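Q: Quick one, what's the 3D model for this:
(4 chains)
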Protein chains: 2
Amino acid sequence: MDAQPGRSVTSKVLALLDAFTPATPALTLTELARRAGLPLPTAHRRAAELVAWGALERGDDGRYRIGLRLWEVGSLAPRGLGLRELALPIMEDLYEVTHENVQLAVRQGLELVFIERIAGRHAVPVLTRVGGRFALHATGVGLVLLAYAPAEVQEQVLAAPLERYTELTITDPRRLRRCLAEVRRVGYAVSDRQVTMDALSVAAPIRGSDGVVAAISLVVAHDRADPLALAPLVQAAGRVLSRALGTSYRRSPGRVPSPTRSETQ
Amino acid sequence: MDAQPGRSVTSKVLALLDAFTPATPALTLTELARRAGLPLPTAHRRAAELVAWGALERGDDGRYRIGLRLWEVGSLAPRGLGLRELALPIMEDLYEVTHENVQLAVRQGLELVFIERIAGRHAVPVLTRVGGRFALHATGVGLVLLAYAPAEVQEQVLAAPLERYTELTITDPRRLRRCLAEVRRVGYAVSDRQVTMDALSVAAPIRGSDGVVAAISLVVAHDRADPLALAPLVQAAGRVLSRALGTSYRRSPGRVPSPTRSETQ
DNA sequence: ACCACAGCTTTCACTGAATGAAAGCCGAGG
DNA sequence: CCTCGGCTTTCATTCAGTGAAAGCTGTGGT
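A: Have a look, this model is predicted:
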């Protein structure tokens, strides 16, 4: 039980936050300590400080939950709420026109994170959650984000085993590589029943000042889907958003004059 | 600003997060250190750890921003996204019926935090931001949250000076006290031009297992508003949500899954 | 009523993670 | 070429953090 190096106090605090997942949003102290890999008294002390600040909250049942204060701070993430605020009107337009599910996602490491979704009441049910993660190689948004990701990221994804969700999921690295090339060629991605056997999605990239920063998609029932008809719609939405990003991400912070003009459109 | 002993590492980490505000979502190291009240090397080291984990992100310009990983964790807050997920369908109903702004807020200490809003394109513009804070004594949602807050909270708010936003803002503690009693009597709150001179809001409480946990409101142009007609609508929405909360907040203590030793991805 | 137990909280002597002054580094501007 | 502001790294010192163990509290069993 020697204290392994690299176990800073900060890392312990972050491990406590990491213990919470969508499946387990409320934890007892003991669960929290075990998941964070910390001795109980340590977890207790750190958690108490987090509660005092509002990063965690403690219910009447003694369980810890993520606190509103952390949600507030998290809402300042440019790639989170910032992006959402920008995209929501366009997503709503897309929804009004199609009455299908609209999704917005960004890449985080080797996975994607859903930033927002509009779930049509009569649309095909999707199992995604705002704030939830998913693999890059199956969904429409994932294929777009992967296709335009740095080569290094692509290689890492292609090197790892590709999980199979349905019989149509692409799990062969060679096929996936061809698929990504095709996505780059046509400028949009189609995932036909690669996640569930009833749904199909069409996705397009959203470009920021340095490459593709997000992806937007429509998810529709596979049997009433016409990818070729949907693609222009989604692509147009992606382009509108790319433009909006370009204009809104100009920084005007007093002293720093624009340092680099390295926009890669 | 002296290095007072009693400053825990955790508090420093949290101070770093606290440095970010809606008005300043991107900070240089120097700004960050100054706002957090930390020496530069300390801020640098802690910030580096936060970046490594994803709580912060560092742009090409060297500035720090809130990271997506923190947004993800924050999205697990029951009073944040949890509440939003539950409320959104009802909020949309309210929007469809009225085509006015719909707002959802909870109390955090002596202020309120907006959890979600639906802003009608043709509705009166509101200056609220999801994740933003506001005083309790002026808005419709604020009056509801204050009226049903613990006596101790009410006293604290009444004791402090009440900021004036318009000539109709209630700033006299006695009047505010009467107003709150009226809110409790009728079960909804009306804020008539108490925030801006063009808007009026009608709000109703949302009750959880222990008292009022949130408030929902409609914000409409003051000249085409009929509070008495809107109140039943908003109250009905509040009641539906109260019921939904009651059923969904039943906890299943659950068994513990396999021993996870999840390293940070 | 009593005991057994599980989960939480506090204590206390010890230790290494954190600290900040100072020195080094880098890039922009003169 | 030199200066300046902002960032990064070093190093000896020390105080916040630590965990084993003891104490507490509420719950369920007999």
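
Q: per-residue pLDDT, the residue in the stretch 1-150 of chain A that chain B sits nearest to?
A: Nearest residue of the stretch 1-150 of chain A to chain B, counting by C-beta to the nearest C-beta: A:Gly74, 2.6 Å away. In this view, the C-beta of every residue, glycine as well, is placed from N, C-alpha and C. Looking at A:Gly74, its pLDDT is 97.

Q: for A:Arg261, same thing?
A: In this prediction, A:Arg261 has a pLDDT value of 33.

Q: One more: A:Ala225?
A: pLDDT, A:Ala225: 83.

Q: Could you name the specific helix or strand carrying the residue nearest the centre of chain A?
A: Centroid-nearest residue in chain A: A:Val113, 1.2 Å away (criterion: C-alpha atoms, centre = their mean). Assigned by DSSP states H and E, A:Val113 belongs to strand A:111-118.

Q: before we move on, what about A:Thr30?
A: Using DSSP H and E, A:Thr30 falls in helix A:29-36.

Q: what comes up buried for that helix?
A: Applying a neighbour-count criterion of 16 or more other C-beta atoms under 10 Å in any protein chain shown, the buried positions in helix A:29-36 are A:29, A:31-36.

Q: Any residue of it touching chain B?
A: Yes. Helix A:29-36 is in contact with chain B by C-beta under 8 Å from any C-beta of the partner chain, via A:31, A:34-35.

Q: Return the closest of the residues you listed with respect to A:Leu14.
A: Within these, the smallest distance to A:Leu14 is 12.4 Å, found for A:Arg35 (C-beta to C-beta).

Q: Nearest spatial neighbour of the closest one, chain-adjacent residues omitted?
A: Spatially, and ignoring its direct neighbours in sequence, A:Arg35 is nearest to A:Ala19 (3.8 Å; C-beta to C-beta, 6 or more residues apart in numbering or on different chains).

Q: mind checking how far the one you found is from A:Val51?
A: 14 Å (C-beta to C-beta, to the nearest Å).

Q: now do A:Leu27
A: 13 Å.

Q: For burial, what's the neighbour tally of the residue nearest to A:Gly74 when sequence neighbours are not counted?
A: Spatially, and ignoring its direct neighbours in sequence, A:Gly74 is nearest to B:Gly74 (2.6 Å; C-beta to C-beta, 6+ apart). For B:Gly74, the neighbour count with other C-beta atoms under 10 Å in any protein chain shown is 29.

Q: Contact partners for B:Gly74?
A: A:66, A:70-75, B:80-81 (C-beta atoms under 8 Å, 6 or more residues apart in numbering or on different chains).

Q: Also A:Gln154?
A: A:146, A:180.

Q: Please enumerate the helices of the stretch 51-200 of chain A.
A: For the stretch 51-200 of chain A, the helices defined by DSSP state H, counting those that start in this stretch occupy A:68-74, A:83-98, A:140-147, A:151-159, A:173-186.

Q: B:Leu233 is nearest to which of these?
A: Once the helices of the stretch 51-200 of chain A are compared by C-beta to C-beta, helix A:83-98 is nearest, at 22.1 Å.

Q: Residues contacting that closest one, please?
A: Helix A:83-98 is contacted from outside by A:102, A:104, A:106, A:115-116, A:118, A:120, A:206, A:213-214, A:216, A:218, A:220, A:230, A:233-234, A:237, A:240-241, A:244-245, A:248, B:130, using C-beta under 8 Å, 6+ apart.

Q: ok and that helix relative to strand A:111-118, angle-wise?
A: Our comparison of helix A:83-98 with strand A:111-118, counting by axes from the mean of the first three to the mean of the last three C-alpha atoms, to 10 degrees, yields an angle of 60 degrees.

Q: Around DNA strand D, which positions in chain A sit nearby?
A: A:1, A:3, A:9, A:12, A:38-42, A:45-46 (C-beta under 7 Å from any atom of the strand).

Q: low-scoring stretches of chain A, by residue?
A: Under the criterion pLDDT under 70, the flagged ranges of chain A are A:1-6, A:247-265.

Q: one more time with 50
A: A:1-6, A:250-265 (pLDDT under 50).

Q: could you point out the longest helix in it?
A: helix A:227-248 (DSSP state H).

Q: and it, what does it pack onto?
A: Counting contacts by 3 or more C-beta pairs under 8 Å, 6 or more residues apart in numbering or on different chains; DSSP states H and E, helix A:227-248 packs against helix A:83-98, strand A:189-192, strand A:199-208, strand A:211-221.

Q: Need the winner for burial among the ones you listed.
A: strand A:199-208 (a mean of 27; mean count of other C-beta atoms under 10 Å in any protein chain shown).

Q: surely A:Val234 meets A:Ser201?
A: No. Assessed by C-beta atoms under 8 Å, A:Val234 is found out of contact with A:Ser201, at 9.2 Å.

Q: Check the contact lists of the two and give me the overlap.
A: A:217-218.

Q: partner residues bridging the nearest residue to A:Leu143 once chain neighbours are set aside?
A: Leaving aside its chain neighbours, A:Leu143 sits nearest to A:Ala189 (3.8 Å; criterion: C-beta to C-beta, 6+ apart). Counting by DSSP bridges, A:Ala189 is bridged to A:Ala203.
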